[in-house]
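Peer 1: Model the following, please.
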Amino acid sequence: MKKLFATLTTLVLVLFAGWKWLLLPGVERSMNRHSGPEYPPLSAEAAALHQSLLVGDLHADSFLWARDLQNEADYGHVDLPRARRGNLAMQVFTAVTKSPRGQNYQQNSSEAGDNITLLAVAQAWPPRTWNSLLERALYHAERVEKLQRAAPQQIGIVRTSGDLRQILQARQGGGETLAAILGIEGAHPLEGQLENIDRLYDAGYRVMGLQHFFDNALGGSLHGESGAGLSDFGRAAVQEMARRSIVIDVAHSSEQVVRDVLALVERPVIVSHTGVKAACDSPRNISDALMQQIAAAGGLIGIGYWDGAVCDNSPQNIVRTMRYAIDLLGVDHVALGSDFDGSVEVAFDAGGLGQLTGEMLKQGFSEAEIRKVMGENLRDFFLAQLPQS
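Peer 2: Purely as a prediction, here's the structure:
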């Protein structure tokens with residue numbers, strides 16, 4: 001009997017190891033692809049300029065996956081070693097709590113099967129997360145806190161403008177801490193309760209997207225069925241977010257939701273990861289006219305790196321899209337919005353962010369434009385919009 005028990009135990013451990021070390025990485029490899037060619041080394045001018053930049057990004061889903069971000073992986077897009085190599089100083093890490101199968105840009109039902117439930121069970125998230133979107137978001141924040149405890153000199157959670165200023169000042173003195181700002185992709189973790197804004201705020205969340213790939217209790221998604229604007233609950237939630245100095249992200253929101261938000265609150269909003277409609281006529285992108293309204297209200301637009309947003313994910317085309325966005329919106333309103341680790345295919349990972357700097361130089365961007373788009377606009381926006389204390 002003891003031999004049988006030992007044999008079964010060994011078998012279970014072998015199966016668990018295979019699941020953890022082979023199956024899960026294989027799933028992520030298939031979802032977060034890195035398909036670009038091997039780019040030549042940066043010129044001496046581009047390399048020196050890139051290392052002098054403050055680099056920041058508005059959207060990455062890296063904590064959705066089972067990887068330990070302390071260690072460099074040969075798959076996925078972001079971990080701490082690659083962030084250091086790419087000179088990444090600021091990253092909004094977003095919690096994805098529900099995602100419909102198919103993730104169609106045209107239309108999704110809010111009742112469509114949920115990919116994240118399967119991922120939560122497969123990755124052995126706590127059982128409390130299996131049936132609660134709120135608990136998934138709270139667990140995401142716990143994972144970031146755990147990484148901060150394990151590597152306090154490498155990553156620090158930003159809750160206030162003072163936190164961000166302190167990390168950036170330390171980096172000027174040679175520090176390597178990555179400033180991590182927590183966000184949620186779609187406010188369905190509120191689960192219909194305004195008081196859950198407080199719970200998420202207390203867990204460290206300072207950016208809240210309103211929708212993801214489907215309509216929710218706050219209003220219509222750009223990829224939903226209704227095209228609706230803000231619901232009464234959505235209006236109350238947006239006002240409470242503004243009161244708490246939470247940055248509102250309208251990426252994935254219906255155009256009517258965006259208009260409603262702009263009319264309802266005076267605080268500027270972000271579109272954390274997107275393309276520009278006239279540069280890439282994709283259903284993923286809202287109209288240029290609405291983007292101009294967001295910029296006119298002081299908002300910030302993060303340009304993404306994947307085909308669905310920019311139609312061609314090469315560094316050359318991403319930078320062409322940035323030029324179009326600058327000409328349309330003004331240089332102070334354009335930033336990076338990679339969607340790294342967001343089930344997208346990109347041509348370079350966080351370690352290759354210098355490719356954008358090199359390409360901007362080739363395409364005639366001024367040094368001032370490069371500095372603003374690569375990170376200074378993001379810094380200035382969050383220093384102004386985060387809670388002061």
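
Peer 1: Now do the contacts for the closest residue to residue 333 other than its chain neighbours.
Peer 2: Leaving aside its sequence neighbours, residue 333 sits nearest to residue 295 (CB to CB, 6 or more residues apart in numbering; 4.0 Å). Heads up, the C-betas are built off the backbone N, CA and C, glycines and all. Applying CB atoms under 8 Å, 6 or more residues apart in numbering, we find residue 295 in contact with 301, 329, 330, 333.

Peer 1: Over to residue 204?
Peer 2: Shown in contact with residue 204 (CB under 8 Å, 6+ apart): 141, 144, 145, 157, 159, 182.

Peer 1: one step back: in terms of helices and strands, where is the residue nearest to residue 333?
Peer 2: Using DSSP states H and E, residue 295 maps to helix 288-296.

Peer 1: likewise residue 258?
Peer 2: Secondary structure assigned from DSSP H and E places residue 258 in helix 255-264.

Peer 1: chain center to the next helix or strand after that helix: distance?
Peer 2: Note on helix 255-264: by DSSP H and E, the next helix or strand toward the C-terminus is strand 270-274. The gap between where strand 270-274 is centred and where its chain is centred comes out at 9 Å by CA atoms, centre = their mean, to the nearest Å.

Peer 1: Would you mind listing the buried residues in the helix holding residue 258?
Peer 2: Residues of helix 255-264 classed as buried: 255, 256, 257, 258, 259, 260, 261, 262 (neighbour count, 16 or more other CB atoms under 10 Å).

Peer 1: pLDDT wise, what is the first one at?
Peer 2: The model reports residue 255 with a pLDDT of 98.

Peer 1: check contacts around it.
Peer 2: Taking CB under 8 Å, 6+ apart as the definition of contact, the neighbours of residue 255 are 222, 227, 286, 287, 290.

Peer 1: Now do the last one: how many residues are near it, please.
Peer 2: Okay, so that is residue 290. The tally of other residues near residue 290 (other CB atoms under 10 Å) stands at 18.

Peer 1: Check the gap between it and residue 161 for me.
Peer 2: According to CB to CB, to the nearest Å, residue 290 and residue 161 sit 28 Å apart.

Peer 1: does residue 170 count as helix, strand or coil?
Peer 2: Per DSSP: H, G, I helix; E, B strand; the rest coil, the secondary structure class of residue 170 is helix.

Peer 1: now do the one 4 residues further on
Peer 2: Secondary structure of residue 174, reduced to three states by three-state DSSP: coil.

Peer 1: Would you check how far apart it and residue 69 are?
Peer 2: The span separating residue 174 from residue 69 equals 22 Å under the rule CB to CB.

Peer 1: So the residue nearest the centre of the chain, which state does it fall into?
Peer 2: Residue closest to the mean C-alpha point of the chain, counted by CA atoms, centre = their mean, is residue 59 at 1.9 Å. Residue 59 carries the three-state label strand when classified by three-state DSSP.

Peer 1: Show me the chain divided up by domain.
Peer 2: Partitioning the chain according to automatic domain parsing yields domains covering residues 1-31, 44-385.

Peer 1: Let me know which of those domains is tucked in deepest.
Peer 2: domain 44-385 (a mean of 20; mean count of other CB atoms under 10 Å).

Peer 1: Show the end-to-end separation of it, please.
Peer 2: This stretch, domain 44-385, spans 36 Å end to end (CA to CA, to the nearest Å).

Peer 1: ok, residues contacting the secondary structure element (helix or strand) that residue 323 belongs to?
Peer 2: With elements delineated by DSSP H and E, residue 323 resides in helix 315-329, which encompasses its position. Counting by CB under 8 Å, 6+ apart, the neighbours of helix 315-329 from elsewhere in the structure are 39, 275-276, 278-280, 288, 291-292, 295, 301, 303, 305, 310-311, 333-334, 347-348, 355-356, 358-360, 363, 365, 369, 373.

Peer 1: ok, the residue nearest to residue 25 when sequence neighbours are not counted - contacts?
Peer 2: With CB to CB, 6+ apart as the criterion, residue 25 has its nearest non-adjacent residue at 6.2 Å, and that residue is residue 75. When contacts are counted by CB under 8 Å, 6+ apart, residue 75 touches 25, 28, 29, 32, 34.

Peer 1: so the closest residue to residue 110 other than its chain neighbours, which of the three states?
Peer 2: Counting by CB to CB, 6+ apart, residue 214 is the residue found nearest to residue 110 once chain neighbours are left out, at 4.3 Å. Recorded secondary structure, residue 214: coil (three-state DSSP).

Peer 1: in terms of contact, does residue 214 touch residue 226 like I think?
Peer 2: No: the pair formed by residue 214 and residue 226 falls short of the contact definition of CB atoms under 8 Å, at 9.9 Å.

Peer 1: where along the protein do the strands fall?
Peer 2: Along the chain, the stretches classed as strands by DSSP state E are 55-60, 88-95, 155-157, 178-184, 205-209, 247-249, 270-274, 300-303, 334-336.

Peer 1: which strands and helices sit next to the second one?
Peer 2: The one in question is strand 88-95. Judged by 3 or more CB pairs under 8 Å, 6 or more residues apart in numbering; DSSP states H and E, strand 88-95 is in contact with strand 55-60, helix 133-150, helix 161-172, strand 178-184, strand 205-209, helix 377-385.

Peer 1: Of those, which is nearest residue 43?
Peer 2: Proximity to residue 43, assessed across those by CB to CB, is greatest for strand 55-60 (17.8 Å).

Peer 1: quick revisit: I'd like the buried residues of helix 255-264 laid out as TSV, including distance to residue 240.
Peer 2: Converted to TSV, these look like this (distance: CB to CB, whole Å):
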residue	distance to residue 240
255	23
256	20
257	16
258	18
259	20
260	15
261	13
262	17
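
Peer 1: Which of the domains of the chain comes out lowest on mean pLDDT?
Peer 2: Ranked by mean pLDDT, the domains of the chain end with domain 1-31 at the bottom, a mean of 51.

Peer 1: Could you measure from residue 280 over to residue 266?
Peer 2: 30 Å.

Peer 1: same check, this time on residue 241
Peer 2: Relative to residue 266, residue 241 is positioned 13 Å away (CB to CB).
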